[in-house]
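K.L.:
Need coordinates for the following:
(4 chains)
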4 protein chains.
Amino acid sequence: MTQADLPDWRAALPWPGEHAHKHARGRLGVVSGKATQTGAARLAARAGLRIGARVVRILCPPDAATVIAPAIEAVMLSPFDSADTLAALVEGMDAVVIGPAAGITDATRANARALAGTGAAMVVDADGLTAFEGQPADLFDVLDRDDVLTPHEGEFKRLFPGLLDLGREAAARAAARRSGSVVVLKGPASVIAAPDGRLAVNGNGVRWLATAGSGDVLAGMIGGLMAQRMDSFDAARAAVWMHAEAARGFGPGLIAEDLPDRLPLVLAALYPQTG
Amino acid sequence: MTQADLPDWRAALPWPGEHAHKHARGRLGVVSGKATQTGAARLAARAGLRIGARVVRILCPPDAATVIAPAIEAVMLSPFDSADTLAALVEGMDAVVIGPAAGITDATRANARALAGTGAAMVVDADGLTAFEGQPADLFDVLDRDDVLTPHEGEFKRLFPGLLDLGREAAARAAARRSGSVVVLKGPASVIAAPDGRLAVNGNGVRWLATAGSGDVLAGMIGGLMAQRMDSFDAARAAVWMHAEAARGFGPGLIAEDLPDRLPLVLAALYPQTG
Amino acid sequence: MTQADLPDWRAALPWPGEHAHKHARGRLGVVSGKATQTGAARLAARAGLRIGARVVRILCPPDAATVIAPAIEAVMLSPFDSADTLAALVEGMDAVVIGPAAGITDATRANARALAGTGAAMVVDADGLTAFEGQPADLFDVLDRDDVLTPHEGEFKRLFPGLLDLGREAAARAAARRSGSVVVLKGPASVIAAPDGRLAVNGNGVRWLATAGSGDVLAGMIGGLMAQRMDSFDAARAAVWMHAEAARGFGPGLIAEDLPDRLPLVLAALYPQTG
Amino acid sequence: MTQADLPDWRAALPWPGEHAHKHARGRLGVVSGKATQTGAARLAARAGLRIGARVVRILCPPDAATVIAPAIEAVMLSPFDSADTLAALVEGMDAVVIGPAAGITDATRANARALAGTGAAMVVDADGLTAFEGQPADLFDVLDRDDVLTPHEGEFKRLFPGLLDLGREAAARAAARRSGSVVVLKGPASVIAAPDGRLAVNGNGVRWLATAGSGDVLAGMIGGLMAQRMDSFDAARAAVWMHAEAARGFGPGLIAEDLPDRLPLVLAALYPQTG
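P.N.:
Residues are numbered from 1 along each chain as shown, chains lettered A, B, ... in the order given. Now for the predicted structure:
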């Protein structure tokens, strides 16, 4: 990667200042699934921490706490037992990720809607999207232009039936307008669309990312940048690019667990050494 | 390893395409033993994920779930409480591994037979083989030519009494015919035989593989390739070779836990960079 | 780092002698928070062990024991169920860290006061400081000149209201005098002040340290040096410098979990190879 | 390390043969302490596996099983609830380690005595030694010349009161004769003495080994070599030397958890590449 190859969102990356204070650099929440399905949240949380969020907290159903607790150190943990408790825990955070291994349930819908009422910008991924199949307006009604949806094509079709017939770029643009939020339509060339009409197509996609948990890492990365108050559209573009760059450096045999720990290399190449 | 040394199955290796979809690249199940014996399944699952299966799920007895859950991230987990539940979970997967630390029990026999009725190609290893000692027909009757048995000599003798007297190659060939499945007779020079008469003897065996859990990793690697719809005979040959190559690069002091994380190096050397 | 750049406390670093005995090199205790909040203690304990304490023991509430036990190997573990039991466990240790994820509770206050009565020098960090907001004399009354407080600016204000108006250096100096202990006022240029008037400003601060758990690691490092009977003021100065040096070598993407395992590199550069 | 520097026991090291069978290369058992004290057994077990034992099984009190199970993969696990059950599990193993974090209890004494009646050669370390303070004959009566005791000076004094006054070499020699087993008197220059009069003083000791858990790793290494049927005196000499060599390569900041994973480097330097 030469300087000339560096992406245009680079200038917007939220590096810590010399006088950075821990809480200023971003508080990120990640909602975990049930006790047997906590790996996705741990992947997302670690990715969010690596990309620069200062404080990352996993929010989990009570029975998942003893599973998660021994597997984390710098990531923090709070159990919640209702959508209201969850929202109260997230109040005061900068961003929150919901969806990875969340389950396609009433609880997921209630949690997502409760989170939309907090001050935290939201990344909705995976089960957080599929849970609203057949009733997408229940999600769209509460979304904000700073929120981000991250569907792959299957999830996109469930939330925006028929739109993909327009082609991926037009579909993402229409979905962003309809949902009122940033939409990341994932794939070999991920499309990122904002409700204000901005659109980007990622150009560094790599085949190695098609592995379980890869999307959880991406959701955590986007949330981690948003928690640092990067513009959501830029955060999504930057995270998609860095996610692919991390995989490219690894090559065949990549699993999602490799990705968060590759981020320091990717970040170092983006860091403006000379100011 | 020079180009000239590359094995002939290399062209059949299932690399992800540019337009790969996560579920297209293969869903692998791995059946775990009881709560104190889950390491074998975790080794096999990690190996299957590293070798390219997109989604790997450990299927475990209910009491093993809290042991496995904190120790996995990208690998998924579902508990099952009967052979029928197990088969239902595996329906729709591409391949499944049963046997590592499974226990020599009625339940293992019932589980293996139930899995044979699903659409998933099966790798039967370790206790999954020994459980049928004295009643091998109960296993052979339900096997398919795409299934794979992976006995070491001790397990081979239990399942095919007397056959080893023919010599290892003839024994493996006869066992493949008798069982109606691919047979991998493990050893310093592993023999791989298909029921249609194909036979291969692996030539890169290394002494370092004689360590606990090494066979679990191999079973996961074979299953991982089969989940990507590689021909079972080729999958077995390829996995046996890569398994040894991963150990050769490590040398003395190798333990089985090293093997899955060595696969990226082995895969990179096999990847057709120029198309 | 050239020889000329080496800090003046280097000569006081407690390297093991040829005839070192395990218990002579220092016993460190680290008090853990409740079951969902044990990561901070594990980070501090690992840092204390890496920096040379020979025996590091986490002291935890009873319900946290099953969370911590599977996540440690060389670090030891003892549950305690009251401040008295805690003090009895610490009797005979050289140093103890209290505060990381301890909770802002009566129990934390009681534990801190009980520890002050033992023979172990104490590092009070995080919740161990905040717990005394509004009643700082309850802490100061029991502190000794060998004890160390490690507040960031927010915690400093809670314990020493108004003092920061004097400027960071004067504030730290006044706080050390008032509390009767060494005070580390953390920040981009951490100030270390002793009650006898010694004062140092750290000069190698790096921005990457503003990440969750970073302070827990620092507390463990200070405690680890104090456990080896290094003078508390020197231990604080040395730990602050090494903490930053460990982060500098890592760069962007650093998380607190990286820090303890970077210490061997930092220590090797400080080790007097030629005597 | 040049060829000329290689130790004389090198020719006796048990490398796997081309036709090695998994069970031929050695079955090692490691007895674990209670649920909060399992790290020592895990360190010893990992070291035993790395040094070449083919199958390593931790034997634990029932309540420790759920702590150990998630933390192991290639190492196996069996709970036991009495000294008789323990002995039955060890019957058929080649070597067993007892003592690390075992507790100074009646149970430890009963377990050690029960193990002495099995076919497995025994390494008695740490609490396994101290438990016999005041009643050493209860241990010595059941020991065999292939068993190994690994006291540091404190433990040595408890088991052999007064002997150290003879000087370390004479003390170790007398202790070997009195106990009827190999004695490793640990220290900067560890002394290894056999009951038949053989005596060796280790010459590559390093200061970095004075850290918690280091002795557990050594016990596992000795047991791992004995499990491969190396002569116990040679196994002890070889393990002591390799243990130090692993630490030397690491330098300051070493913790015991680093040691097992350094063994491959040490073994590679000892491996007779040209036969």
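K.L.:
Pick out the residue of chain A closest to chain D.
P.N.:
Chain D sits closest to residue A:70 of chain A, with a gap of 7.5 Å, by C-beta to the nearest C-beta. C-betas here are computed from N, CA, C, even on glycine.
K.L.:
Three-state assignment for that residue, please.
P.N.:
State at residue A:70, reduced to three classes by DSSP: H, G, I helix; E, B strand; the rest coil: helix.
K.L.:
so what pLDDT did the residue of the stretch 151-275 of chain A found nearest chain C get?
P.N.:
Relative to chain C, the nearest point of the stretch 151-275 of chain A is residue A:264 (3.0 Å; C-beta to the nearest C-beta). Looking at residue A:264, its pLDDT is 97.
K.L.:
List phi and psi for it.
P.N.:
phi -50, psi -40 (degrees, to the nearest 10).
K.L.:
Leaving out sequence neighbours, find the closest residue to it.
P.N.:
With sequence-adjacent residues excluded and distances taken as C-beta to C-beta, 6 or more residues apart in numbering or on different chains, residue A:264 is closest to residue C:253, at 3.0 Å.
K.L.:
Residue A:165 and residue A:195: what is the separation?
P.N.:
Applying C-beta to C-beta, to the nearest Å, the value for residue A:165 to residue A:195 is 21 Å.
K.L.:
Kindly apply the preceding question to residue A:244 instead.
P.N.:
24 Å.
K.L.:
Is it correct that the residue nearest to residue A:264 is in contact with residue A:47?
P.N.:
No. Residue C:253 lies out of contact with residue A:47 (C-beta atoms under 8 Å); the separation is 10.5 Å.
K.L.:
more crowded one of these two?
P.N.:
residue A:47 (32 against 22; other C-beta atoms under 10 Å in any protein chain shown).
K.L.:
Any buried residues in stretch A:174-189, and which?
P.N.:
Judged by neighbour count using 16 or more other C-beta atoms under 10 Å in any protein chain shown, the buried positions of stretch A:174-189 are A:174-176, A:178-179, A:181-189.
K.L.:
give me the element residue A:78 is part of.
P.N.:
Counting by DSSP states H and E, the element that carries residue A:78 is strand A:76-79.
K.L.:
how about the strand or helix carrying residue A:48, does it reach chain B?
P.N.:
Residue A:48 belongs to helix A:39-50 when elements are defined using DSSP H and E. Yes. Counting by C-beta under 8 Å from any C-beta of the partner chain, chain B has neighbours in helix A:39-50: A:39-40, A:42-43.
K.L.:
on that earlier part again, assign the residue nearest to residue A:264 to one of the three secondary structure states.
P.N.:
Three-state call for residue C:253 (three-state DSSP): coil.
K.L.:
what ranges do the helices span in the stretch 151-275 of chain A?
P.N.:
Secondary structure of the stretch 151-275 of chain A, counting by DSSP state H, counting those that start in this stretch: helices at A:153-159, A:168-179, A:214-227, A:232-248, A:258-270.
K.L.:
Need the winner for burial among those helices.
P.N.:
Compared across the helices of the stretch 151-275 of chain A, helix A:214-227 shows the largest average neighbour count, a mean of 31 (mean count of other C-beta atoms under 10 Å in any protein chain shown).
K.L.:
okay, residue A:259: pLDDT?
P.N.:
98.
K.L.:
repeat for residue A:209
P.N.:
Note on residue A:209: pLDDT of 95.
K.L.:
what's the residue nearest to residue A:100 when sequence neighbours are not counted in contact with, if anything?
P.N.:
The shortest distance from residue A:100 to any non-neighbouring residue, by C-beta to C-beta, 6+ apart, is to residue A:40 (3.5 Å). Shown in contact with residue A:40 (C-beta atoms under 8 Å, 6 or more residues apart in numbering or on different chains): A:32-33, A:100-101, A:126, A:213, A:216, B:73.
K.L.:
if we can go back for a sec, tabulate the residues of helix A:39-50 next to chain B in JSON lines, adding columns for pLDDT.
P.N.:
Shown next, in JSON lines, are those (pLDDT from 0 to 100):
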{"residue": "A:39", "pLDDT": "98"}
{"residue": "A:40", "pLDDT": "98"}
{"residue": "A:42", "pLDDT": "98"}
{"residue": "A:43", "pLDDT": "98"}
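K.L.:
Nearest to chain C among these?
P.N.:
residue A:42 (12.1 Å).
K.L.:
on that earlier part again, which of the buried residues of stretch A:174-189 sit farthest apart?
P.N.:
Taking C-beta to C-beta as the measure, the buried residues of stretch A:174-189 span a maximum distance of 24.0 Å, between A:178 and A:188.
K.L.:
need the residues of the stretch 1-150 of chain A near chain B, please.
P.N.:
A:35-40, A:42-43, A:66-68, A:70-71.
K.L.:
if we go to 7 Å?
P.N.:
Contact residues (C-beta under 7 Å from any C-beta of the partner chain) of the stretch 1-150 of chain A with chain B: A:35-36, A:38-39, A:42-43, A:67, A:70-71.
K.L.:
chain center to stretch A:40-53: distance?
P.N.:
Here stretch A:40-53 is found 9 Å from its chain centre; the criterion is C-alpha atoms, centre = their mean, to the nearest Å.
K.L.:
Would you mark the buried spots in that stretch?
P.N.:
Quick answer for stretch A:40-53 (16+ other C-beta under 10 Å): A:40-53.
K.L.:
Verify the contact between residue A:213 and residue A:41 for me.
P.N.:
No. Assessed by C-beta atoms under 7 Å, residue A:213 is found out of contact with residue A:41, at 10.7 Å.
K.L.:
so residue A:232 makes contact with residue A:226?
P.N.:
Yes. Counting by C-beta under 7 Å, residue A:232 touches residue A:226, with 5.6 Å between them.
K.L.:
intersection of neighbour lists for those two?
P.N.:
residue A:121 (C-beta atoms under 7 Å, 6 or more residues apart in numbering or on different chains).
K.L.:
Can you tell me, leaving aside adjacent residues, what's nearest to the most centrally placed residue in chain A?
P.N.:
Chain A has residue A:219 as the residue nearest its centroid, 2.2 Å off, counting by C-alpha atoms, centre = their mean. Sequence neighbours aside, residue A:125 is the residue nearest to residue A:219 in space, at 4.1 Å (criterion: C-beta to C-beta, 6+ apart).
K.L.:
and the one you found, how many neighbours?
P.N.:
Here the number of neighbours of residue A:125 (other C-beta under 10 Å) works out to 31.
K.L.:
in chain A, what spans have low per-residue confidence?
P.N.:
A:1-6, A:17-25, A:274-275 (pLDDT under 70).
K.L.:
Can you name the residue of it nearest to chain B?
P.N.:
Among the residues of chain A, residue A:253 lies closest to chain B, at 3.0 Å counting by C-beta to the nearest C-beta.
K.L.:
separation between that residue and residue B:13?
P.N.:
For residue A:253 relative to residue B:13 (C-beta to C-beta), the value is 12 Å.
K.L.:
Which of the three states applies to the nearest residue to residue A:158 once chain neighbours are set aside?
P.N.:
Leaving out its chain neighbours, the residue that sits closest to residue A:158 by C-beta to C-beta, 6+ apart is residue A:133, at 4.0 Å. Using three-state DSSP, the secondary structure recorded for residue A:133 is coil.
K.L.:
got the phi/psi numbers for residue A:133?
P.N.:
Residue A:133 adopts backbone torsions of phi -60, psi 130, taken as degrees, to the nearest 10.
K.L.:
and it, how many neighbours does it have?
P.N.:
For residue A:133, the neighbour count with other C-beta under 10 Å is 13.
K.L.:
swap in the one 3 residues further on?
P.N.:
If you count neighbours by other C-beta under 10 Å, residue A:136 ends up with 17.
K.L.:
If we ignore the residues flanking it in sequence, what's nearest it?
P.N.:
Once flanking residues are discounted, residue A:136 sits nearest to residue A:159: 5.0 Å by C-beta to C-beta, 6+ apart.
K.L.:
who are the neighbours in contact with the one you found?
P.N.:
The contact partners of residue A:159, taken as C-beta under 7 Å, 6+ apart, are A:129, A:132-133, A:136, A:151.
K.L.:
Next: residue A:63.
P.N.:
So residue A:63 contacts A:34-35 (C-beta under 7 Å, 6+ apart).
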